[in-house]
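Enquirer: next come a sequence and a model predicted from it.
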Amino acid sequence: MEGLIRKRIQEIYAGLRPSEQKVADYFWKYGGKAGDLLIEQVAKKAKVSQPTVIRFVKALGYRGFKEFKYGLIQEEIKGQEFKEGQDDIELYGFQLSRQDSLEVIPGKVITTSIQLLEETLRSIQIKEFRRAVEAVVKARSIVIYSVEDSSGVAHDLLTKLTYLGLSCRSYGDSYLQSVSASNLGKEDLAVGISYSGYSRDTVEMMQLAKKSGAMTLVITNFEKSLITEYADILLCTSDRQFLYGNTIFSRVTQMALVDMLYAGVLNYDYERLHKNLNKNSRTDLPVYYFTELLAEALGVKDEVKKQ
């Protein structure tokens with residue numbers, strides 16, 4: 001175990017009960033994947049009771065074992081630490097070396113982005129894509145849920161669907177997210193965007209939305225991640241399963257999926273949605289206003305005024 005959770009265990013270790021210290025010792029030595037952890041096995045291996053394991057994770061600041069497990073998984077995905085003396089930083093499909101010159105960076109980034117987009121294209125199941133498009137078009141209302149790195153992607157989807165005249169909302173506040181998910185109905189669509197598939201708040205919102213009877217659409221990279229358990233419709237950005245320390249390229253594939261969804265929705269109900277798009281794209285500012293702005297930027301404003 002590496003990262004912030006290990007550091008936190010070190011900080012509280014002296015204040016733990018002897019039985020709880022046994023749990024801490026177990027996790028310090030644990031070398032497996034966080035996703036494989038089960039509370040029953042932890043208790044058995046540490047030779048303590050399950051309530052003792054719960055007390056231990058609560059001492060770390062978690063509400064329960066499941067939340068603690070989420071935290072460990074997030075560290076596996078995000079937290080590949082840079083070690084002293086290490087020459088290379090491993091990113092997804094991309095290796096950055098100290099010896100790299102600035103001249104090679106643009107090529108590396110573009111090449112990796114192209115590879116990821118090609119992977120995404122291979123991963124798209126047309127049947128699922130069609131279901132996603134139909135669900136968006138037919139939904140009474142659409143609510144998009146996301147946190148952290150995926151929020152920018154969620155905002156882009158919100159903007160595009162709103163321009164098409166669809167009833168679409170998104171909430172940054174976790175409490176409002178919870179309230180909205182609990183009040184969805186069978187005619188509504190909940191969209192969860194999580195690159196890792198283990199973002200706790202987004203997973204919980206999908207669970208709540210599904211419990212409320214809403215249709216759920218999940219956009220993620222990992223086909224077997226936790227959030228997919230609550231997906232009626234699943235769009236994945238990769239056909240391979242990786243754990244890597246930095247999702248610097250995650251937005252490239254997520255944004256591509258958003259664009260696919262937007263284009264698919266417009267194509268599905270073109271006559272109606274194209275009219276909405278034209279109406280919502282209009283501006284009350286006269287054309288000459290933009291002409292003057294352009295002329296000023298080009299340094300020919302005086303010449304334009306004379307015409």
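Expert: Sure, I can see it. Since the model is a prediction, treat every value here as computed from it, not as a measurement. Numbering: from 1, shown residues only.

Enquirer: so who does the spatially most central residue of the chain touch?
Expert: Centroid-nearest residue in the chain: S194, 2.3 Å away (criterion: Cα atoms, centre = their mean). S194 is in contact with S146, V147, S150, T202, V203, V218, I219, T220, S225, I227, counting by Cβ atoms under 8 Å, 6 or more residues apart in numbering. Glycine gets a C-beta too; all of them are placed from N, C-alpha and C.

Enquirer: now the phi/psi pair for G64, please.
Expert: In terms of degrees, to the nearest 10, the main-chain angles of G64 are phi -170, psi 180.

Enquirer: assess the claim that it and I54 are in contact.
Expert: Yes - the pair G64 / I54 is scored as a contact, 6.6 Å apart, by Cβ atoms under 8 Å.

Enquirer: pick out whichever of these two has more residues nearby.
Expert: Remark: of G64 and I54, I54 carries more neighbours, 18 against 13, as counted by other Cβ atoms under 10 Å.

Enquirer: which non-adjacent residue is nearest the more buried one?
Expert: F65 (6.2 Å; Cβ to Cβ, 6 or more residues apart in numbering).

Enquirer: and the one you found, what does it touch?
Expert: Contacts of F65 by Cβ under 8 Å, 6+ apart are I39, V42, V53, I54, V57.

Enquirer: so which of those residues comes closest to K275?
Expert: V57 (54.1 Å; Cβ to Cβ).

Enquirer: make sure that closest one is indeed in a helix.
Expert: Yes - applying DSSP: H, G, I helix; E, B strand; the rest coil, one finds V57 inside a helix.

Enquirer: neighbours around the residue lying closest to the residue nearest to the centre of the chain once chain neighbours are set aside, how many?
Expert: Distances taken as Cβ to Cβ, 6+ apart put T202 closest to S194, at 4.5 Å, once the chain neighbours are dropped. By the criterion of other Cβ under 10 Å, T202 has 28 neighbours.

Enquirer: pretty sure L37 is touching K69, no?
Expert: Yes - L37 lies in contact with K69 (Cβ under 8 Å); the separation is 5.6 Å.

Enquirer: more neighbours, these two?
Expert: K69 (22 against 16).

Enquirer: contact partners for the more buried one?
Expert: A34, G35, L37.

Enquirer: how deep is the nearest residue to S113 once chain neighbours are set aside tucked in, by neighbour count?
Expert: Among residues not flanking S113 along the chain, V252 sits closest, at 4.8 Å (Cβ to Cβ, 6+ apart). Counted with other Cβ under 10 Å, the neighbours of V252 add up to 16.

Enquirer: so who does V252 touch?
Expert: S113, L116, L117.

Enquirer: residue boundaries of the strands in the stretch 101-250 of the chain?
Expert: Taking DSSP state E, counting those that start in this stretch as the criterion, the stretch 101-250 of the chain contains strands spanning 142-145, 168-170, 189-193, 215-220, 233-236.

Enquirer: tell me which of those lies nearest to Y26.
Expert: Among the strands of the stretch 101-250 of the chain, strand 215-220 sits nearest to Y26 (Cβ to Cβ), with 30.2 Å.

Enquirer: can you tell me the strand partners of the closest one and which way each runs?
Expert: strand 189-193 (parallel), strand 233-236 (parallel) (DSSP bridges).

Enquirer: quick one on the thing from earlier: so which of the contacts of K69 belong to helices?
Expert: Among these, DSSP state H puts none in helices.

Enquirer: possible to save those residues as JSON lines with distance to V133 and pLDDT?
Expert: Shown next, in JSON lines, are the contacts of K69 (distance: Cβ to Cβ, whole Å; pLDDT from 0 to 100):
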{"residue": "A34", "distance to V133": "35", "pLDDT": "81"}
{"residue": "G35", "distance to V133": "31", "pLDDT": "80"}
{"residue": "L37", "distance to V133": "37", "pLDDT": "88"}
